[in-house]
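A.B. asks: here you go, sequence then predicted model.
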Amino acid sequence: MVSSPPSRQNGRSYERALAAGGSRGEQGRPRSGSPECINSRPRLRERAVAPFCIAGPGDRLPVCTPSSGMEKVTFICVRGPACWWAALTLLWGVHAAPLDLDPVCSGDARAKYSLTFKGKWSKAAFPKHYPLYRPPAQWSPLIGVSHSSDYHLWQRNEYASNGVREFSEKGEAWTLMKEVEAAGERIQSVYGVFSAPAVAEGTGQTSTEFELFARHSFLSFIMRIVPSPDWFVGVDSLNLCERDQWKDNITLDLYPYDAGTDSGFTFSSPNFETIPQEKVTE
């Protein structure tokens, strides 16, 4: 759940550009225990859904129904109006289930996943500084990578690469793609690159599919918040294989990150380069 824009670690005063309605504490933040805010830090929630089951909305238990296909469909309950989240749903397209009892995912198994991003960025939920024009609130295309554990598209508390900088500030992916390609050639850590279309409004969704290989079982992606100085949402190195078992379904609340390259403090701030560059912060 997101209640404020990314803030710097050096104590600068930043406007709470994403402040939402609801139960509030000091500085417009949701109080602990508010139905909007489950935790002040990102939490990964997993749902154990049996094959060919449909998980009902809200707090209802999953309802198993016969299925003639192999696809698994899940409806996720969003706990508050201020959540930005993505749903990862396994299509159950595993070509060969790994049988080795070794805790490290290995072998020739592949799994096919679908990823759905749902934006909940609306003026009603985030009224402060909500961008209405030039450009209005929206989301950039999603850039994703399947990779091994020795690769990072981006990392919290580390410096953003030039590719991440250009993407988070301008939405330009050329340098980022060259960095991904170079990593794949140099250390063979990248298995595949995929993308999802942009979301033209603050609220909406976009979807894509991707494959994971047993030795490349990690997922990372990045999606720019538009407009913004250098803010983005994403996932860094999410392992979808655990103890030789591909995870069936994962739901994530996505939090905004600051790339540490532009010191603008509102969505539509003019370019204000951060010198020296700072690390990626939440």
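C.D. replies: Nice, thanks for sending it over.
A.B. asks: which ones are touching residue 201?
C.D. replies: 119, 136-138 (Cβ atoms under 8 Å, 6 or more residues apart in numbering). For the C-beta atoms, the positions are set from N, CA and C on the backbone; glycine is no exception.
A.B. asks: now it: phi and psi?
C.D. replies: Residue 201 adopts backbone torsions of phi -130, psi 170, taken as degrees, to the nearest 10.
A.B. asks: on the pLDDT front, check it for me.
C.D. replies: Reported pLDDT at residue 201 in the predicted model: 96.
A.B. asks: from the rest of the structure, what touches whichever helix in the chain runs longest?
C.D. replies: Counting residues, the longest helix found in the chain (DSSP state H) is helix 174-187. With contact meaning Cβ under 8 Å, 6+ apart, helix 174-187 is reached by 143, 145, 147, 150-151, 153, 161-164, 166-167, 189-190, 193, 222.
A.B. asks: isn't there a helix covering residue 219?
C.D. replies: No. Judged by DSSP: H, G, I helix; E, B strand; the rest coil, residue 219 forms no part of a helix; its state is strand.
A.B. asks: start the count at 389, not 1, going forward
C.D. replies: All set: I'll call the first residue 389, so the last point we hit is now residue 607.
A.B. asks: how close does the residue nearest to it when sequence neighbours are not counted get to residue 660?
C.D. replies: Nearest residue to residue 607 in three dimensions, chain neighbours excluded: residue 626, at 4.7 Å (Cβ to Cβ, 6 or more residues apart in numbering). For residue 626, the distance to residue 660 equals 32 Å [Cβ to Cβ, to the nearest Å].
A.B. asks: closest to residue 637 among the contacts of residue 589?
C.D. replies: residue 507 (20.1 Å; Cβ to Cβ).
A.B. asks: beta partners for the closest one?
C.D. replies: For residue 507, the beta-bridge partners under DSSP bridges are residue 592.
A.B. asks: how near is it to residue 500?
C.D. replies: Residue 507 is 24 Å from residue 500, by Cβ to Cβ.
A.B. asks: out of those two, which sits in the more crowded spot?
C.D. replies: residue 507 (22 against 16; other Cβ atoms under 10 Å).
A.B. asks: what mean pLDDT does the strand or helix carrying residue 500 get?
C.D. replies: If you go by DSSP states H and E, residue 500 is part of strand 498-508. For strand 498-508, the mean per-residue pLDDT is 94.
A.B. asks: residue ranges with poor pLDDT in the stretch 389-538 of the chain?
C.D. replies: Along the stretch 389-538 of the chain, the parts satisfying pLDDT under 70 run over 389-492, 494-496.
A.B. asks: what do you get if the cut-off is 80, keeping everything else the same?
C.D. replies: The stretch 389-538 of the chain contains residues with pLDDT under 80 at 389-497.
A.B. asks: residue boundaries of the helices in this structure?
C.D. replies: Along the chain, the segments classed as helices by DSSP H run 550-558, 562-575.
A.B. asks: widest-spaced pair of the contacts of residue 589?
C.D. replies: 507 and 524 (12.5 Å).
A.B. asks: circling back to that earlier point, can you add distance to residue 517 and give the contacts of residue 589 back as JSON lines?
C.D. replies: Below are these laid out as JSON lines (distance: Cβ to Cβ, whole Å):
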{"residue": "507", "distance to residue 517": "17"}
{"residue": "524", "distance to residue 517": "13"}
{"residue": "525", "distance to residue 517": "10"}
{"residue": "526", "distance to residue 517": "15"}
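A.B. asks: that older thread, and the angle from the longest helix of the chain to helix 550-558?
C.D. replies: For helix 562-575 against helix 550-558, the angle by axes from the mean of the first three to the mean of the last three Cα atoms, to 10 degrees is 160 degrees.
A.B. asks: now helix 562-575: buried residues?
C.D. replies: 564-565, 567-568, 571-572 (16 or more other Cβ atoms under 10 Å).
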